[in-house]
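*Asks:* model the following, please.
(one chain, ligands or ions: 2)
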Amino acid sequence: MDIVVFGAGSLGSLLGGLLARAHDVTLVGRDPHVSTVRKDGLRIEGEVEADVDPDADTTAPESADLVLVTVKSYDTAAAVEALADGDYGAVCSLQNGLTEERLAELDAPVVAGTASYGARLRESGLVDCTGVGRVVVGGLDRGPDPVAERVGRAFRAADVRTLVASDMPRRRWEKLAVNAGINATTALCRVENGALVGGDPPGKGENAPRLAREAAHETARVARAEGVPLSNRQARAAVERVASATATNRSSMLQDVESRSRTEVDALNGAVVDRAERHDVGVPTNRTLTRLLRAWERGAGVR
Ligand SMILES: NC(=O)C1=CN([C@@H]2O[C@H](COP(=O)(O)OP(=O)(O)OC[C@H]3O[C@@H](n4cnc5c(N)ncnc54)[C@H](O)[C@@H]3O)[C@@H](O)[C@H]2O)C=CC1
Ligand SMILES: CC(C)(CO)C(=O)C(=O)O
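*Replies:* Ligands and ions are numbered 1, 2, ... in the order given. Predicted coordinates:
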């Protein structure tokens, strides 16, 4: 397959690099990373090791079988603009947050995706795989999706752990509940993910878990208003499962706040608020978390 990875940062370089073991991959990113990859190739270190030689450019090729979008969610509109005139067989987002609807503006079938691999671009030309997770792809609607099947086969051919799911709407909303619950709470409270599990001893230290739980419950309520069957219990259980499994992680939003960078709050808690308004569902916790993070971004001068 001819695959373009639009957004060759941490995740895009890792997955693009892994896919380059079996496919013709072009990483679209920025210098100096692009020039280094062109000159010396890309090295993957950590939980997976590989030396690969994908193409790299600062603009997207005009055609490809598949485009993977891996820019931060707030750069999705710019990515859509950059890809608008291309001839692509399919486009798939592996970003956090609800971004697929924006990709639907492109003249190509959209495959929904999530990634739980961990990636960190250590320096130009060198990406660390900090965790072997899984890619999940599927149709935007429930049911089998032949384009997603093809994308899944391409990932597996490159030894990327991949599931092709026929219940992607529920999975996307469950992932949104996890990120809406964990990311904003850990960023604002400056705690690791594990602080959201339990509340031990009872009555003490339970404020952060309660915030995360309420944000997840509200997300599930909005999912149901959208016709997606996600119960409050499933959403809460997903938050607790992920927070336990990643207990010592500093969430990506906490890292953004610590490095005084823009966060993805608009595509996470902000997306829950936007969807809730369409259905007249109250989401006070997500609204407050969104306002606090936007206020922090403005104060930090990154918005
Ligand atoms: N890093 C990780 O381990 C994981 C990240 N994600 C999600 O994946 C998405 C990307 O995250 P990261 O890779 O960490 O971010 P990142 O900031 O490392 O990578 C994004 C890259 O896109 C490039 N970019 C942005 N606009 C561009 C344009 N117009 N043209 C060319 N290049 C452009 C940036 O220069 C940057 O290198 C986010 O939504 C994140 O939540 C999801 C799972 C794991
Ligand atoms: C799953 C989780 C919460 C892991 O930290 C994540 O996706 C993030 O930090 O963005």
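*Asks:* for stretch 148-157, the distance to its chain's centre please.
*Replies:* Remark: stretch 148-157 is offset 19 Å from the chain centroid, using CA atoms, centre = their mean, to the nearest Å.
*Asks:* could you give the average pLDDT over it?
*Replies:* The average pLDDT within stretch 148-157 is 98.
*Asks:* so which bits of it are buried?
*Replies:* Neighbour counts over stretch 148-157 (16 or more other CB atoms under 10 Å) mark 148-152, 154-155 as buried. Where C-beta positions appear, they are placed from N, C-alpha and C, glycine not excepted.
*Asks:* can you show me the CA trace of it as CSV?
*Replies:* Taking C-alpha atoms only, stretch 148-157 is exported to CSV below (Å, rounded to 0.1, in the frame of the first residue of the first chain):
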residue,chain,number,x,y,z
ALA,A,148,-11.6,-0.6,7.5
GLU,A,149,-10.9,-4.3,6.8
ARG,A,150,-8.4,-3.3,4.2
VAL,A,151,-6.7,-0.8,6.5
GLY,A,152,-6.6,-3.4,9.2
ARG,A,153,-4.9,-6.0,6.9
ALA,A,154,-2.3,-3.4,5.9
PHE,A,155,-1.5,-2.7,9.6
ARG,A,156,-1.2,-6.4,10.4
ALA,A,157,1.0,-7.0,7.4
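*Asks:* can you list the buried residues of stretch 148-157 in a markdown table and add secondary structure and distance to V265?
*Replies:* Output for the buried residues of stretch 148-157, formatted as a markdown table (DSSP: H, G, I helix; E, B strand; the rest coil; distance: CB to CB, whole Å):
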| residue | secondary structure | distance to V265 |
| --- | --- | --- |
| A148 | helix | 28 |
| E149 | helix | 34 |
| R150 | helix | 34 |
| V151 | helix | 28 |
| G152 | helix | 30 |
| A154 | helix | 32 |
| F155 | helix | 29 |
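*Asks:* residue of the stretch 1-150 of the chain closest to ligand 1, please.
*Replies:* G9 (1.8 Å; CB to the nearest ligand atom).
*Asks:* ok, the closest residue to that residue other than its chain neighbours - how many residues close by?
*Replies:* Spatial nearest neighbour of G9, chain neighbours left out: L121 (5.6 Å); criterion: CB to CB, 6 or more residues apart in numbering. Burial measure for L121: 18 neighbouring residues, criterion other CB atoms under 10 Å.
*Asks:* pop out the phi and psi values for the residue of the stretch 1-150 of the chain closest to ligand 1.
*Replies:* Phi and psi for G9, reported as degrees, to the nearest 10, are phi -100, psi -130.
*Asks:* next one: Y88
*Replies:* phi -120, psi 140.
*Asks:* is it true that it touches P61?
*Replies:* No. Applying CB atoms under 8 Å as the test, Y88 and P61 come out as separate, 9.4 Å apart.
*Asks:* who's more crowded, the two?
*Replies:* Neighbour totals were compared for Y88 and P61, and Y88 leads with 20 against 15 (other CB under 10 Å).
*Asks:* contact partners for the closest residue to that one other than its chain neighbours?
*Replies:* What sits nearest to Y88 in space, not counting adjacent residues and going by CB to CB, 6+ apart, is A108, at 4.4 Å. If you count contacts by CB atoms under 8 Å, 6 or more residues apart in numbering, A108 has them with 67, 88-91.
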